[in-house]
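[1] Quick one: sequence and predicted model below, then my questions.
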Amino acid sequence: MDLTNVHRESAGLLPWGWQATQFAGRIVEPQYASLVGVPLAWAPGTKGKVVGTPSYIPMQNARECQAQAHTLKGKIVLMRPARQLAIGDKPLFRRLTAEELAEEERLTGAETNPDVPAYLRRPPLPGAKPRMEAPNFAALAEGCRSLNACLSSAAVALAIYPKY
């Protein structure tokens with residue numbers, strides 16, 4: 001492995017911190033179920049229990065939020081659409097054939113450099129972004145802050161990212 005021009009680069013500093021200490025969501029009608037998710041990053045906490053009807057309202061940034069602000073008051077906003085979950089009809093694992101193992105070895109380059117993890121040896125997909133591209137944390141934090149400000153001014157009861 002050839003390493004050239006190795007140096008540290010700053011990822012920038014976030015102007016504030018955020019930590020979710022507790023979140024519990026429950027759907028009580030028409031049938032009880034846990035609502036698994038996380039609050040929107042850097043969102044203010046609630047003042048106790050929030051009761052309402054969850055609604056998926058598509059928005060990714062403050063501009064999209066402002067366009068729908070008049071419809072958001074008091075809502076529990078799901079920030080992602082519901083996924084269709086399929087019942088598994090195949091085994092979770094299967095034994096690979098000798099041909100599949102040979103093809104896997106050919107693709108990963110295991111025969112030439114067994115010290116490099118397989119996920120790094122695979123060639124990138126056409127059009128894929130570079131693996132080590134650093135995110136712009138300051139821009140991400142500013143995007144969250146402006147979206148939170150819009151949701152807050154629209155009097156949203158709760159905004160969460162469902163995890164299902």
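    Noted; the coordinates are in hand.
[2] going on from the longest helix seen in the chain, what's the next piece of helix or strand?
    Longest helix of the chain, by residue count under DSSP state H: helix 137-153. Next in sequence after helix 137-153, counting helices and strands by DSSP states H and E, comes strand 158-162.
[3] Give me the buried positions along that next one.
    Buried residues in strand 158-162, counted by 16 or more other Cβ atoms under 10 Å: 158-160, 162. Every C-beta, even on glycine, is put in place using the N, C-alpha and C of the backbone.
[4] One more: stretch 145-164?
    Buried residues in stretch 145-164, counted by 16+ other Cβ under 10 Å: 145, 147-148, 150-151, 154, 156-160, 162.
[5] could I get those as a markdown table with pLDDT?
    A markdown table is the format used below for these (pLDDT from 0 to 100):
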| residue | pLDDT |
| --- | --- |
| R145 | 82 |
| L147 | 86 |
| N148 | 84 |
| C150 | 87 |
| L151 | 86 |
| A154 | 86 |
| V156 | 85 |
| A157 | 84 |
| L158 | 82 |
| A159 | 83 |
| I160 | 82 |
| P162 | 73 |
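[6] Which member of those is positioned nearest Y32?
    Nearest to Y32 among these, counting by Cβ to Cβ, is P162 at 16.4 Å.
[7] lowest confidence element among the helices and strands of the chain?
    Least confident helix or strand of the chain, by mean pLDDT, DSSP states H and E, is helix 118-121 with a mean of 54.
[8] Which other helices and strands does the longest helix of the chain contact?
    Packed against helix 137-153 by the contact rule (3 or more Cβ pairs under 8 Å, 6 or more residues apart in numbering; DSSP states H and E) you find helix 62-68.
[9] Pairing partners for the helix or strand that the helix it packs on is followed by, with directions?
    Downstream of helix 62-68, the first helix or strand assigned by DSSP H and E is strand 76-78. Strand 76-78 has its sheet partners listed here by DSSP bridges as strand 54-56 (parallel), strand 158-162 (parallel).
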